[in-house]
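[1] sequence unknown, structure follows:
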C-alpha cells in the first residue's frame, strides 16, 4: 500500500514508524529535512505544502492509496485532504483538534448530501483518549478495557499484586472463571502468549477475554473485592476533563475536578450538573489532602503537561490512591510513568494511531484493538469455507495466538479446543503484533 503522510509531527512520526516496513511511505512537510527521527526510516520526503497540487503530484498522489493529514494546524489538514480528493479521489484521513471540526466534517455515506469530495475519516485524538480512559475507569482495577461484539465480550488487563492468591501458581491451577480465557501475559514489559504451564509472577500483567458477565465474576474473584468505581478525581479541566466528567456523571459516579484557571472553573460549572469543581493547583499536596483526594477510587491527571501529570500522579499515590491514570503527550514517556508506579499511562496520539491502523486493515481482517503499547493485537477474522466445521484444536496456527471469542449469528461463544468453527463465524483472536501477519495470512482464502 502507498501512503502519503502530511506533517512531520509526533503523530506523523508514529504513523511512519508503524507502517514503513510493510508499506511505501511518502512524507510531505514544509521543512526540507523533516526531523532526525524521520531520516532513520526508509521513506520518501517531499518538501512543500500538501494543499499545493504540484507538491501532491510530486508525492505520487495519483498512484497512492491513502492520504493522512496530521500537521498541528487543523485548517491545513482539512484543505490538504480536500486537495488530495480533488486530484485523485484517494482515501483521506484528517486529524483535527477541535470538536466543531470533528462534528461538522463528518458525513455518513448514506446521507443525502454525501459526495466524493468529503473527507473519509476524521480523527479527533482527544475524543479517542476520553473514550479509552472512560472504559478503563469504569472497570475497577483494570489497566485496559476493550469491548467487542456490541459489548457482549470484553478484554480486560490486570496487574498481579504480590498478595493475590494466583501469584506463584501455574495458569492451569488457577481455576479461572468459566467463560473467560487468559490470552496474554506481560512480564518486564515483554508480552507473550501463555499456556497452561506458565507460572504467574507478582507484577505480571494478565490479559483476559470472555463474556462481560464472566469477566465481572473473574475480576471480583481474583483481582479486587470492590466491584464498582464510586468516586473519581480529575486533575485538569480541559476538553478531555470535561468530556470525561460528563461521561462519569451519566453513570452517577461521584466526580471532582481540580482546575487551576478560575475562568475555566466557571465554564465547567455551567457545563456539568453534579461534579464538584475545585479551583486550585493539582501539584499542591496540601490542597489534595484537604479535598480528600486520597479517598478517591481513581485519580486521573490529564493536563497538557507531562511533568505536571507525573507529579500529580505521584502525589496521589503518596496519599494512598490505589489506581492512578495519567495522560502522556510524549508517547515515549509511557514507559517511564509506569516504571515509577503509575498504573496506567495513556496517550491521545497512541489512541489515534490505533484508529488509523484499524481503518487501513483489510476488509476481511480487522484490527479491533492493540494492547501494551502495540505489542499485542486483537484481530477480527471472518471464517472462510475452507475452515468450516474445523475444531480449534485442529487449526495448527502458524504462530502463538488465542481465539478468544467466536461470534455466531448474534451469539457469543468462548471457545474450547473442541469447539467447531463454521463458515461466516467471526473470530476474535489475540496475538503478538509480530505474529499478526502470519495469523492473517493463515485465515485468508487460498
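    Sure, I can see it. Everything numeric here is computed off the predicted structure, so don't read it as measured data.
[2] so what are the sheet partners of the worst-scoring helix or strand of the chain on mean pLDDT and their directions?
    The helix or strand of the chain with the lowest confidence, counting by mean pLDDT, DSSP states H and E, is strand 365-371 at a mean of 76. In the sheet, strand 365-371 lines up against strand 376-382 (antiparallel) (DSSP bridges).
[3] give the buried residues for the partner strand.
    Judged by neighbour count (16 or more other C-beta atoms under 10 Å), strand 376-382 contains these buried residues: 376-381. C-beta coordinates here come from the backbone N, C-alpha and C atoms, glycine included.
[4] returning to that earlier point: who's in contact with the least confident helix or strand of the chain?
    Residues from elsewhere that reach strand 365-371 (C-beta atoms under 8 Å, 6 or more residues apart in numbering): 144, 146, 148, 155, 157, 184, 191, 207, 354, 357-358, 361, 376-381, 428, 433, 436, 440, 443-444.
[5] now, of the residues you listed, which are buried?
    Among the contacts of strand 365-371, the ones that count as buried (16+ other C-beta under 10 Å) are 144, 146, 148, 155, 157, 184, 191, 207, 354, 357, 361, 376-381, 428, 433, 436, 440, 443.
[6] in strands, which of the residues you listed fall?
    Of the buried ones among the contacts of strand 365-371, the ones assigned to strands by DSSP state E are 144, 146, 148, 155, 157, 184, 191, 207, 376-381, 428.
[7] which of those sits closest to residue 57?
    Closest to residue 57 out of those is residue 377 (35.3 Å), distances taken as C-beta to C-beta.
[8] would you mind measuring from the closest one to residue 134?
    Distance of residue 377 to residue 134, computed by C-beta to C-beta, to the nearest Å: 22 Å.
[9] got it, and residue 295?
    Distance from residue 295 to residue 134, by C-beta to C-beta: 21 Å.
[10] now the residue located most distally from the centre of the chain. Nearest residue, chain neighbours left out?
    Here the chain reaches farthest from its C-alpha mean at residue 54, the gap being 36.0 Å by C-alpha atoms, centre = their mean. Spatial nearest neighbour of residue 54, chain neighbours left out: residue 48 (7.7 Å); criterion: C-beta to C-beta, 6 or more residues apart in numbering.
[11] the one you found against residue 27, yeah?
    No - using C-beta atoms under 8 Å, residue 48 is not in contact with residue 27; the gap is 11.2 Å.
[12] among these two, which residue is more densely surrounded?
    More neighbours surround residue 27 than the other of residue 48 and residue 27, with 26 against 16 (other C-beta atoms under 10 Å).
[13] the closest residue to residue 53 other than its chain neighbours sits in which helix or strand?
    Using C-beta to C-beta, 6+ apart and skipping the chain neighbours, the partner closest in space to residue 53 is residue 87 (6.0 Å). With elements taken from DSSP states H and E, the one containing residue 87 is helix 74-88.
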